[in-house]
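Novice: model this:
(2 chains)
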Amino acid sequence: MLSDLTASTKRLALVGLAKNTGKTEALAALLRELQEAGRRVGVTSVGRDGEERDVIDARIEKPRVVLPGGSLVATTDGLLRASGLPYDLLGDPGVRTPLGRVLIVRMRGAGAIEVAGPSASEDVRAVSDAMLAHGAEQVLIDGAIDRRAASSPDVADGLVVATGAVLDRDIEEVVLQTRDAVDLVRLPSVEDGGDTGRRLWELAEADGRAIPGHATAADSRPDLLVGEDLEPVALPPRFVLTADAEQIAQLLDEHPAARWLIVAGALPDRFLRSLLHPVHRRRRELVLVVSDPTRVFLWKRGPEWYRRRGILLNTLNRIELEALTVNPLAPQSHRFDSAQLRALIEAAIPGVPVFDVLHPDYVGARHMLA
Amino acid sequence: MHEVDLAAVRPYADHLDDGLVQMSFTLPVPYSLAARRAALELAATIGFEEPEVVHYEQLTEGYTYFVMYGRCTQTVDFTLLQSEGFNVEYMSEDEIEGFAREHLGRPIVVVGASTGSDTHSVGIDAMLNLKGYHGHHGLEGYRCFQTYNLGSQVPNSVLVAKAIEVGADAILVSQTVTQQNLHIHNLTELVEMVEAEGMRGRMILACGGPRVTGELAKELGYDAGFSKGTEPQHLATFIVRELAARAGSGAEVSPAAQSAPA
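Specialist: Below is the predicted model:
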């Protein structure tokens, strides 16, 4: 079951591919299993979890988050008060959100509570570390909507991804979109172990000022083009964010030996699409290197589609995907057969355990009933 | 002279705690005594005591318009909301300028746009442009703000690049949120892109739109959400207070300023 798989992951992120993919149910299942195992848990959310009704479609009732006594939680002062549950205040990380000020507390008794912790990744990390320091054995970081930043290796040590029927009315489409999302999470790392890999790491980590031809502020690291000779060429500021197809084509024409493009920050879908034609014309692959998969923004196409067209996506830091959970029901819309959906996903995505935590055949559930 | 009981606040018409509410609505029924009776019954069912129809008239055949009074029996505990962090008192333009001078002492850079496929920049224009909204200047009219209004249909990557280029303290986006996941995705993508650029801690992110609530803003990952009826000084109050709080200047901390529903 889920908790076995993720037992050694100190900070576990739960991320959904869209709203209503069953993330909260997966969180609830984990909480039940961890309570059974007697493990003290800390919980936070980058959004808001455990609310009664969906914030966008009020017709949809949502599952509550029930925390065992002794759990740690990071949530706002207002939501703590609204829960009516007794707690001990452990810390005030100085984080303000639209729903109030975030507090870190230990629940004195069990009960349902809305969890709304810090949104910014830096704060999520700080709050998770604080909960571990205060005695949590594991921290569960609940995502929101389709936001992935919490799955970054800077924040979490492992990831569970929730997918579901809500992605599309066509089951094959749901499987394909899930596969593309997993491919992105599992981007291959850049030339593991070899000299080239080490050199690329070195370049990626370098202070901006160390790059010849780059004279802007040290805190804005430029994107770098790297050729066979492993020497970097600094690109104009914010190149990857703003360049159009013409500028990209010109760049690649000027550097026919370029093999890697180290992206300092975000890699938007617009840039990838603008790369297609120039890469096709030069008839050579180009490897885009990002810090971690959360920096890549893909719209319609997955990494495999770009790979077939000569654009490879590599990452410096990898994300550990522990499991997939599946919600076969799209609220107010349609439903698939859970076993069938899981089988199709398992066939398309080797090596990742797939669960439906609400299905009678989920081991965790059986265990609880015993 | 009575003191207001902030733990049990009810409407005020002539006397403190009289609970009197004036409301108006149209019923799709012919102008008649029966229509008047229907309005009174409806108001009673909603929970108003001693409802009165003070005016009613035919709007068009089959439709009757009512202006009514009724006594509201419910109260709201204002003290809870204050301590929950909704304690932002909106400042006037002068007060905001003074606050910024005292606590920040430098221009505050704000970049705004209507993102995604929305063609309307009406919301952003109302907040940023000099003309502003309801007689209140947009942020452009303030000395303490340096604003960049990028207009409509701005891709997230372009918005983020501009914000980085000008050293923005705050990014303001406006988008109509519907049931469609596309709109939601575009809003979350902006937050994620700012994170991916390592700028999340340095920028205040605010989103606005007809149905944006604090709850939605939180789920989307923004620092504040502004709905219909927001005026520029509401947004400006939030920005200066939040910046001061982040700078640790000791100024009163404040989470999102929420506008009253229109």
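Novice: what about B:Asp94, how many residues close to it?
Specialist: Look at B:Asp94: counted by other C-beta atoms under 10 Å in any protein chain shown, it has 10 neighbours. The C-beta positions use only the backbone N, C-alpha and C, and glycine is treated the same way.
Novice: What strand or helix carries it?
Specialist: helix B:93-103 (DSSP states H and E).
Novice: Tally up the residues packed near the closest residue to A:Thr24 other than its chain neighbours, please.
Specialist: Nearest non-adjacent residue to A:Thr24, counting by C-beta to C-beta, 6 or more residues apart in numbering or on different chains: A:Pro63, 4.8 Å away. Residues near A:Pro63, counting by other C-beta under 10 Å, number 18.
Novice: doesn't A:Lys23 make contact with A:Pro63?
Specialist: No: using C-beta atoms under 8 Å, A:Pro63 is not in contact with A:Lys23; the gap is 9.6 Å.
Novice: State whether A:Ile104 is indeed within a helix.
Specialist: No: counting by DSSP: H, G, I helix; E, B strand; the rest coil, A:Ile104 is located in no helix; its state is strand.
Novice: Okay, and the beta partners of it?
Specialist: On the basis of DSSP bridges, A:Ile104 is bridged to A:Ala74, A:Gly91.
Novice: dump the residue contacts of A:Ala347.
Specialist: Contact analysis of A:Ala347 by C-beta atoms under 8 Å, 6 or more residues apart in numbering or on different chains lists nothing.
Novice: mind listing what B:Phe78 touches?
Specialist: Applying C-beta under 8 Å, 6+ apart, the residues contacting B:Phe78 are B:Leu6, B:Ala7, B:Val9.
Novice: so which of these comes closest to B:Pro210?
Specialist: Checking the contacts of B:Phe78 against B:Pro210 with C-beta to C-beta, the nearest one is B:Val9 at 27.0 Å.
Novice: Could you check how far the closest one is from B:Gln22?
Specialist: Shown here: B:Val9 relative to B:Gln22, a distance of 17 Å by C-beta to C-beta, to the nearest Å.
Novice: More neighbours: which of the two?
Specialist: Shown here are B:Val9 and B:Gln22; by other C-beta under 10 Å, B:Val9 has more neighbours (16 against 11).
Novice: Check the contact between the more buried one and B:Val76; I expect there is one.
Specialist: Yes: using C-beta under 8 Å, B:Val9 is in contact with B:Val76, at 5.2 Å.
Novice: quick revisit: which other helices and strands does the helix holding B:Asp94 contact?
Specialist: helix B:232-246 (3 or more C-beta pairs under 8 Å, 6 or more residues apart in numbering or on different chains; DSSP states H and E).
Novice: what packs against the helix it packs on?
Specialist: helix B:93-103, strand B:108-114, helix B:122-128, strand B:170-174, strand B:204-208, strand B:224-226.
Novice: Least reliable of these by average pLDDT, please.
Specialist: Across those, the stretch with the lowest average pLDDT is helix B:122-128; it has a mean of 88.
Novice: Would you mind pulling up the elements that it packs against?
Specialist: So helix B:122-128, by 3+ C-beta pairs under 8 Å, 6+ apart, packs with strand B:108-114, strand B:145-149, strand B:170-174, strand B:204-208, helix B:232-246.
Novice: re the thing from before, go through the contacts of B:Phe78 and name the one nearest chain A.
Specialist: B:Ala7 (13.8 Å; C-beta to the nearest C-beta).
Novice: Contact residues of the stretch 201-350 of chain A facing chain B?
Specialist: A:220, A:237-238, A:241-242, A:265-268, A:270-271, A:294-295, A:297 (C-beta under 8 Å from any C-beta of the partner chain).
Novice: Could you dump the residues you listed into TSV and include distance to A:Asp154?
Specialist: Shown next, in TSV, are these (distance: C-beta to C-beta, whole Å):
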residue	distance to A:Asp154
A:Ser220	18
A:Pro237	23
A:Arg238	21
A:Leu241	20
A:Thr242	25
A:Gly265	13
A:Ala266	14
A:Leu267	16
A:Pro268	20
A:Arg270	24
A:Phe271	22
A:Thr294	9
A:Arg295	11
A:Phe297	17
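Novice: Pull the most distant pair out of these.
Specialist: A:Pro237 and A:Thr294 (22.1 Å).
Novice: between those two, who's got more neighbours?
Specialist: Shown here are A:Pro237 and A:Thr294; by other C-beta under 10 Å, A:Thr294 has more neighbours (27 against 18).
Novice: Helix, strand, or coil at that one?
Specialist: Applying three-state DSSP: A:Thr294 is helix.
Novice: And the contacts of the helix or strand harbouring A:Asp4?
Specialist: In the assignment (DSSP H and E), A:Asp4 maps to helix A:2-5. Helix A:2-5 has contacts (C-beta under 8 Å, 6+ apart) with A:26, A:29-30, A:33-34, A:37, A:160, A:322-323, A:325, A:353, A:355, A:357, A:364.
Novice: just stretch A:167-176 next, same as before
Specialist: Contacts of stretch A:167-176 (C-beta under 8 Å, 6+ apart): A:17-18, A:21, A:163-165, A:177-178, A:302, A:330, A:333-334, A:336, A:340-341, A:344-345, A:348.
Novice: what pLDDT, on average, does that stretch get?
Specialist: Mean predicted lDDT for stretch A:167-176 stands at 97.
Novice: ok, back up a step: with only the CA atoms kept, save the helix holding A:Asp4 in PDB.
Specialist: Output of helix A:2-5 as PDB, limited to C-alpha atoms (Å, rounded to 0.1, in the frame of the first residue of the first chain):
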ATOM      1  CA  LEU A   2       0.900   3.700  -0.300                       C
ATOM      2  CA  SER A   3       2.400   4.100   3.100                       C
ATOM      3  CA  ASP A   4       4.800   1.100   2.700                       C
ATOM      4  CA  LEU A   5       6.100   2.500  -0.500                       C
END
